[in-house]
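[1] mind folding the following:
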Amino acid sequence: MSLGIFKFRESNLKTEEKRISPYKKMMRDAKRGDVIIEMRGITKRFPGVVANYRINFSLKKGEIHALLGENGAGKTTLMRVLYGIYTPDEGEIYVCGHKAKIKSPKDAISMGIFMVHQHFTLVSRFTVLENVILGLKSPKGIFLDLNTAKKRLIEISEKFGLEIDPDTEIHHLSAGEQQRVEILKALYRGAEVLILDEPTSLLTPQETKILFKNLRKMSQAGLSIIFITHKLPEVMAVSDRVTVLRKGKLVATMLTRETNEVDLARKMVGREVLFRLEKKPITPGEVILEVQDVTAYGDRGEIAIKNISLSLRSGEILGIAGVAGNGQRELAEVLSGMRKVITGKIIVNGKDLTNKPPKVFIKEGVCYIPEDWRVGCIPDFTVSYNSILKCYDVPPFCRKIMLNEKEADKFADKMIREYEIVAPSVKVKARYLSGGNIQRLILAREVCMHPRILIASQPTKGLDVGYTEFVRRKLLELRERMIGILLISEDLDEIMQLSDRIAVMYRGEIMGIVDAKEATIDDIGLMMMGVKRMSTPKE
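    The predicted model follows:
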């Protein structure tokens, strides 16, 4: 169908209408339930990988459409194609039945398609209002019209339940409030389609409930939402339809009310998945890690962790809960020797390792799975080299000053098989693996180091339900082998299911330490918001 009917002379239109593209106008005028976005036969290839293969996806006016799939299944790639970050090798995109060329995010935004990424892109020292209008042209030319902008922002925020003070600087806001600002930026610019990439990963349970309530308001007002998540309860709670991808191919699209978590998990991984794992009763052994009143700086010279004290016993999983950015990463780096402390002591196996280098921690049996895989591997090294990063200088991987590549390859090949790492060969560079597969590689390497203490920071973040089950099983197996595990996770279900005790962090401090058997989601959620527990159980 031709778009010729949408050609016009700008001189005959109002200023506001000049800014509306034909595609945005069509989506705005569509009726609820009409298909406004169609992706037909989308194929996207990368070196050695077919990320998307002939995928069909549709979005209806006013719906919340969940996109599910294993890590590396191609769901984020598919949405990046829709948003114009990637150009498909094959396939076409249609808006309200009209073929559309989306070559960049600028093209997508002009059509009313916006993407809110997992990690926010806000200027911390700017106010909410300044962030929302950043990059937009002012109707007063070189002068800002802040009063008009503020009035419009308040109207939008009140309409969708996203109330927030326009004059507050971003660094004063919680993660949930910052997410509201990102969504407000899209709504202020006239979003018709909103793509949310793992939108609850930085939120407390209370903030997640508020987000879902607000998403419902937006969909009822006619906004169409694509919700990328690996959390099945969220799909069931908020979506109208769900599309499942597996290994870059479309598995199914269905109404959410006609499916369930077990069925979705089976479609995602191709087998049955256990959601609750058996945790055998174990009597913890001796204290193998003591943290005594530790304070440390963050990357920008601020106090990141303050007067933290805790202990870990062999055969125990100590969960560290909290919204991302509250000192968990800095704590993990301090306990692995990667970050210096200002005050306090770190005792490992009865030895004072305060401010010792990482190599000393490794020799004492401390292994570390970092939250960011880029910290745990060298992308330009092969899978084989990355597998022996911490033991390249010991037999059988070295012969005097020479590296035994044959043994390294054999070791890496064993890890690939045992940990189901998807890699063309041990000789491929790590950068060509998906983030989830690099995460598996790091997990395999650290566990194969035979740790006495394992610091696992977000070990299942972004992984599919099948491999999440695998990782959780592995952690429980290590616990049974009397290894002490410090589990840092934003997934409260994971924390409560695996942990023996739970510590909650907020702005670099411990709000409380509770027995996992006595903990409730509400109690943990309140501590994650800064409400301090009056007392904690004895260590």
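[2] number of nearby residues for residue 235?
    22 (other CB atoms under 10 Å). Using the backbone N, CA and C atoms, a C-beta is placed for each residue, glycine as well.
[3] which residues touch it?
    Applying CB atoms under 8 Å, 6 or more residues apart in numbering to residue 235 gives the contacts 66, 68, 227, 229, 242, 256, 261, 264.
[4] please redo it, this time with the cut-off set to 6 Å
    Residue 235 makes contact with 66, 242 under the criterion CB atoms under 6 Å, 6 or more residues apart in numbering.
[5] distance check, it against residue 465.
    Noted for residue 235: a distance of 11 Å to residue 465, by CB to CB, to the nearest Å.
[6] got it, and residue 410?
    When residue 410 is compared with residue 465 (using CB to CB), they lie 31 Å apart.
[7] same question for residue 212.
    Remark: distance between residue 212 and residue 465 (CB to CB) = 20 Å.
[8] okay, these two: which has more neighbours?
    Shown here are residue 212 and residue 465; by other CB under 10 Å, residue 465 has more neighbours (22 against 17).
[9] please determine how far that one is located from residue 439.
    In terms of CB to CB, residue 465 sits 15 Å off from residue 439.
[10] residue 80 too?
    In terms of CB to CB, residue 80 sits 20 Å off from residue 439.
[11] pLDDT weak spots in the stretch 251-400 of the chain?
    272-276 (pLDDT under 70).
[12] and the helices in it?
    In the stretch 251-400 of the chain, the helices defined using DSSP state H, counting those that start in this stretch lie at 261-269, 328-335, 358-363, 373-376, 383-387.
[13] and these: which comes nearest residue 31?
    Nearest to residue 31, of all those, is helix 261-269, at 29.1 Å by CB to CB.
[14] could you show me where the helices are in the stretch 101-250 of the chain, in order?
    Along the stretch 101-250 of the chain, the stretches classed as helices by DSSP H, counting those that start in this stretch are 105-110, 128-133, 146-159, 175-188, 205-220, 232-238.
[15] output those helices in JSON lines, with distance to residue 478 appended to each entry.
    Below are the helices of the stretch 101-250 of the chain laid out as JSON lines (distance: least, CB to CB, whole Å):
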{"stretch": "helix 105-110", "distance to residue 478": "43"}
{"stretch": "helix 128-133", "distance to residue 478": "43"}
{"stretch": "helix 146-159", "distance to residue 478": "47"}
{"stretch": "helix 175-188", "distance to residue 478": "30"}
{"stretch": "helix 205-220", "distance to residue 478": "28"}
{"stretch": "helix 232-238", "distance to residue 478": "25"}
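[16] to residue 308, which of the ones you listed lies closest?
    With CB to CB, the closest approach to residue 308 among those belongs to helix 175-188: 20.6 Å.
[17] what angle sits between that closest one and helix 146-159?
    Between helix 175-188 and helix 146-159, the angle comes out at 110 degrees (axes from the mean of the first three to the mean of the last three CA atoms, to 10 degrees).
[18] so which elements touch helix 175-188?
    helix 128-133 (3 or more CB pairs under 6 Å, 6 or more residues apart in numbering; DSSP states H and E).
[19] who touches the helix it packs on?
    122-123, 149-150, 153, 164, 166, 168, 181, 184-185, 188.
[20] can you turn the buried part of those residues into a PyMOL selection?
    The PyMOL selection below is limited to those of the contacts of helix 128-133 classed as buried (16 or more other CB atoms under 10 Å):
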select buried, resi 122+149+150+153+164+166+181+184+185+188
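[21] redo the helices of the stretch 251-400 of the chain as a markdown table? Include mean neighbour count.
    Below are the helices of the stretch 251-400 of the chain laid out as a markdown table (neighbours: other CB atoms under 10 Å):
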| stretch | mean neighbour count |
| --- | --- |
| helix 261-269 | 18 |
| helix 328-335 | 24 |
| helix 358-363 | 15 |
| helix 373-376 | 18 |
| helix 383-387 | 25 |
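[22] redo those as TSV? Include distance to residue 490.
    Compiled in TSV, the helices of the stretch 251-400 of the chain are given as follows (distance: least, CB to CB, whole Å):
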stretch	distance to residue 490
helix 261-269	20
helix 328-335	9
helix 358-363	24
helix 373-376	16
helix 383-387	25
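[23] give the next helix or strand downstream of the lowest-mean-pLDDT helix or strand in the chain.
    Confidence across the helices and strands of the chain bottoms out at helix 15-18, with a mean of 46, counting by mean pLDDT, DSSP states H and E. Next along the chain after helix 15-18, taking DSSP states H and E as the criterion, comes helix 22-29.
[24] what comes up buried for that next one?
    22-27.
[25] kindly export that helix (C-alpha atoms) in PDB.
    C-alpha atoms of helix 22-29 as PDB (Å, rounded to 0.1, in the frame of the first residue of the first chain):
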ATOM      1  CA  PRO A  22       3.000   9.300   8.900                       C
ATOM      2  CA  TYR A  23       3.800   6.100  10.800                       C
ATOM      3  CA  LYS A  24       3.300   7.600  14.200                       C
ATOM      4  CA  LYS A  25       0.000   9.100  13.100                       C
ATOM      5  CA  MET A  26      -1.200   5.700  11.800                       C
ATOM      6  CA  MET A  27      -0.300   4.100  15.100                       C
ATOM      7  CA  ARG A  28      -2.000   6.900  17.000                       C
ATOM      8  CA  ASP A  29      -5.200   6.600  15.000                       C
END
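[26] tell me which helix or strand comes right after it.
    Per DSSP H and E, the helix or strand that comes after helix 22-29 is strand 35-46.
[27] packing partners for that next one?
    Judged by 3+ CB pairs under 6 Å, 6+ apart, strand 35-46 is in contact with strand 49-60, strand 90-95.
[28] now mean pLDDT, distance to residue 371 and mean neighbour count too, for the ones you listed, in JSON lines please.
    Formatted as JSON lines, the helices and strands packed on strand 35-46 follow (pLDDT from 0 to 100; distance: least, CB to CB, whole Å; neighbours: other CB atoms under 10 Å):
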{"stretch": "strand 49-60", "mean pLDDT": "94", "distance to residue 371": "24", "mean neighbour count": "20"}
{"stretch": "strand 90-95", "mean pLDDT": "96", "distance to residue 371": "34", "mean neighbour count": "18"}
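[29] quick check: residue 460 is in a strand.
    No - counting by DSSP: H, G, I helix; E, B strand; the rest coil, residue 460 falls outside a strand, being coil.
[30] quick check, it in contact with residue 469.
    No - assessed by CB atoms under 6 Å, residue 460 is found out of contact with residue 469, at 9.0 Å.
[31] quick one on the thing from earlier: residue 366 is nearest to which of the helices and strands packed on strand 35-46?
    Ranking the helices and strands packed on strand 35-46 by their distance to residue 366 (criterion: CB to CB) puts strand 49-60 first, at 34.2 Å.
[32] who's in contact with residue 160?
    214, 217-218.
[33] buried subset of these, written for PyMOL?
    In PyMOL syntax, the buried subset of the contacts of residue 160 is picked out as below (16+ other CB under 10 Å):
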select buried, resi 214+218
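[34] want to try JSON lines for the contacts of residue 160, with pLDDT and distance to residue 515 as columns?
    JSON lines is the format used below for those (pLDDT from 0 to 100; distance: CB to CB, whole Å):
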{"residue": "214", "pLDDT": "91", "distance to residue 515": "34"}
{"residue": "217", "pLDDT": "92", "distance to residue 515": "39"}
{"residue": "218", "pLDDT": "93", "distance to residue 515": "40"}
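[35] in a markdown table, list the contacts of residue 160 along with distance to residue 176.
    Shown next, in a markdown table, are the contacts of residue 160 (distance: CB to CB, whole Å):
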| residue | distance to residue 176 |
| --- | --- |
| 214 | 10 |
| 217 | 16 |
| 218 | 16 |
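[36] distance of residue 283 relative to residue 503?
    20 Å.
[37] equivalent analysis for residue 90, please.
    As defined by CB to CB, residue 90 lies at a distance of 50 Å from residue 503.
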